[in-house]
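Novice: I would like to see how this sequence folds:
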Amino acid sequence: MTQKPIDLKGSSFTLSVIHLYDASPEEISRAIQEKVKQAPQLLQNAPVIINVASLDRECNWIELSQAVLATGLHVVAVSGCNDSTLKNKIIRSGLPLLNEGKAFKSEQSTLSLVKTRLINTPVRSGQQIYARNSDLIIINSVSAGAELIADGHIHIYGMMRGHALAGASGDGECQIFCSNLSPELVSIAGEYWLSDQIPAEFSGKAGRIYLHYGALSIKPLIP
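Specialist: Modelled structure (predicted):
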């Protein structure tokens, strides 16, 4: 029996979104290079999405997009564009336009989180665990270089040294709960901290990370 040449399957990926503001291409390039230096494992030669919601229609889109590409990042799509003039510029540059789907964050998305993925074994460096439409509970340690992704909350009851990305589908109500906090990166609904941005007093301690008015915040796990 002849095997069919292709298969079309749904999947899910976590991509960084770069929000561009009204700045010169040189400033944007310099700022991105600084971010890449801070998190080379996450950002070096990484695929990214550019959000242009804050750009003016008169911006020089070609120069701005080239400034991003010059840093070594690979732009796969553009989001947040509501202006027809800017849309035409982006389409002519050969990039697809995406909707981020934030308008659909509602009671329906909350109700879909009806299950929990439970992992009892250690999560090793290079492993990625994704809990689709659910919370993720790790009852063991998470090594540096490992990645936890969940559309819901993330709970880690061992040493946490890797990446933890909660609210991956955009739910800003999600949180990260950890009994021993030493991560390389934590993220909720796209907002992230690198290890050096986490307050020093929480290093190796139990903490709860959440969004407060759109920015990451942290408090002790047990008040």
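
Novice: gap between the residue nearest the centre of the chain and Ala39?
Specialist: The chain has Gly190 as the residue nearest its centroid, 4.0 Å off, counting by Cα atoms, centre = their mean. From Gly190 across to Ala39, the span is 14 Å (Cβ to Cβ, to the nearest Å). The way it works is simple: take the backbone N, C-alpha and C, and place the C-beta from them, glycine included.

Novice: ok, back up a step: out of everything not next to it in sequence, what's closest to the residue nearest to the centre of the chain?
Specialist: Val17 (5.9 Å; Cβ to Cβ, 6 or more residues apart in numbering).

Novice: which SSE is that neighbour in?
Specialist: strand 16-19 (DSSP states H and E).

Novice: residue contacts, the nearest residue to Glu26 once chain neighbours are set aside?
Specialist: The spatial neighbour of Glu26 that comes closest, neighbours along the chain excluded (Cβ to Cβ, 6+ apart), is Ala67 at 7.2 Å. Ala67 makes contact with 25-26, 28-29, 32, according to Cβ atoms under 8 Å, 6 or more residues apart in numbering.

Novice: which among those residues end up buried?
Specialist: Buried residues within the contacts of Ala67, counting neighbours by 16 or more other Cβ atoms under 10 Å: 25, 28-29, 32.

Novice: May I ask you to name the longest helix in this structure?
Specialist: Longest among the helix segments of the chain by residue count, using DSSP state H, is helix 25-38.

Novice: Centre of the chain to the following helix or strand past that helix, how far?
Specialist: Using DSSP H and E, the helix or strand that follows helix 25-38 in sequence is helix 40-43. Between the centre of helix 40-43 and the centre of its chain there are 12 Å (Cα atoms, centre = their mean, to the nearest Å).
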